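# no sequence on this one, just coordinates:
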């Protein structure tokens, strides 16, 4: 996302308040940080306050200058509270178990962090999350991703009252001085990796939350849906469904399974996809087509094996589908030279 060209929905002022609380450890008064930006804590506390990403990045750069601390992300993550995330935090903490809480975070992350997507996977003995962030601003992007993953781990421990030992991967260089903080946690941090993710024991995903409250959870969900709609984020549902289908490693889930992962009924999912002029079956066809082309480029896979991986009962059904997509059989497509 080029924030200089596209509409910037901004970041909640609550995250600057978190930064102010962290800077107080250095004895830095809040107006020392905020004065150049003509901001006050009272403004930031307004639930509707959102700051442009460029301004937030400038504030964070000033915070680095004032503290001389290149690893503020560690402090931000450790001081992060579930309430920092507004109604999405309330919806998460009142969920019945960790799997539902993670699904809600994935579904509603755009409310608080419109530059990010959160994907989940569950492949025992591990489960995990992957963060995708198209924000081109530094240090904001790296600080945001690192502090968020640290915060997720420590908030998760508080909500399930269990120790969480995560393997955290980041796609940027290790911040200076971070090694001294990584020694304070049992989680393992690896930098300069292809993806931004955190993996943990899949058994933790089934853990019940000590703050579970079904009634409060429904109220929070209603508020989150309203905020999502107000931000114009509903068109991302098709993207989310597509990502779930792509990330599924063993066949494709049924629409009921996808809906459950998105914390909604299959009827609601069908209705919202229809409002985006698409459907579950259309998205499944699109993903199958895309993955079929990728698998056919591998000479070590037979057509039978590819058909099986794509969820077809036999090669004949795969042939018919591929001919419908491309006008060619898979065998012919594979034999022809590719530009």
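All right, it came through fine. None of these values were measured; they are calculated from a predicted model. Numbering: from 1, shown residues only.
# Got the phi and psi for residue 126?
With angles defined as degrees, to the nearest 10, residue 126 sits at phi -120, psi 160.
# what about it, distance to residue 65?
Distance of residue 126 to residue 65, given as CB to CB, to the nearest Å: 40 Å. Glycine gets a C-beta too; all of them are placed from N, C-alpha and C.
# what about those two, which has more around it?
More neighbours surround residue 126 than the other of residue 126 and residue 65, with 15 against 10 (other CB atoms under 10 Å).
# so what's that one bridging to?
residue 123, residue 201 (DSSP bridges).
# thought it was touching residue 202?
Yes. Between residue 126 and residue 202 there is a contact under CB atoms under 8 Å: 5.5 Å.
# How is residue 198 assigned, secondary-structure-wise?
When classified by DSSP: H, G, I helix; E, B strand; the rest coil, residue 198 comes out as strand.
# That one and residue 168 touch, don't they?
Yes. At 4.9 Å, residue 198 counts as touching residue 168 under the criterion of CB under 8 Å.
# Give the intersection of the neighbour lists for these two.
Shared contacts of residue 198 and residue 168 (CB atoms under 8 Å, 6 or more residues apart in numbering): 149, 153, 187.
# Tabulate those residues (a markdown table), appending pLDDT, neighbour count and secondary structure.
Output for these, formatted as a markdown table (pLDDT from 0 to 100; neighbours: other CB atoms under 10 Å; DSSP: H, G, I helix; E, B strand; the rest coil):
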| residue | pLDDT | neighbour count | secondary structure |
| --- | --- | --- | --- |
| 149 | 96 | 23 | helix |
| 153 | 94 | 20 | helix |
| 187 | 92 | 17 | coil |
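# just those now: which is nearest residue 332?
Nearest to residue 332 out of the shared contacts of residue 198 and residue 168 is residue 149 (CB to CB; 46.0 Å).
# what's near enough to touch that closest one?
Counted by CB under 8 Å, 6+ apart, residue 149 has contacts 77, 131, 166, 168, 170, 196, 198.
# next one: residue 169
Going by CB under 8 Å, 6+ apart, residue 169 touches 190, 193, 194, 195, 196, 197, 198.
# now residue 310
288, 291, 292, 295, 318.
# hmm, who's touching the host helix or strand of residue 319?
Per DSSP states H and E: residue 319 is located in helix 315-326. Under the contact criterion CB under 8 Å, 6+ apart, helix 315-326 has outside partners 285, 288-289, 292, 303-304, 306-307, 310, 312, 328-330, 333.
# Now tabulate the residues you listed in CSV and tack on pLDDT, secondary structure and distance to residue 22.
Shown next, in CSV, are the contacts of helix 315-326 (pLDDT from 0 to 100; DSSP: H, G, I helix; E, B strand; the rest coil; distance: CB to CB, whole Å):
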residue, pLDDT, secondary structure, distance to residue 22
285, 88, helix, 48
288, 86, helix, 47
289, 83, helix, 48
292, 84, helix, 49
303, 91, helix, 57
304, 91, helix, 57
306, 89, helix, 51
307, 89, helix, 54
310, 88, coil, 48
312, 88, coil, 53
328, 83, coil, 58
329, 89, coil, 60
330, 89, helix, 56
333, 81, helix, 55
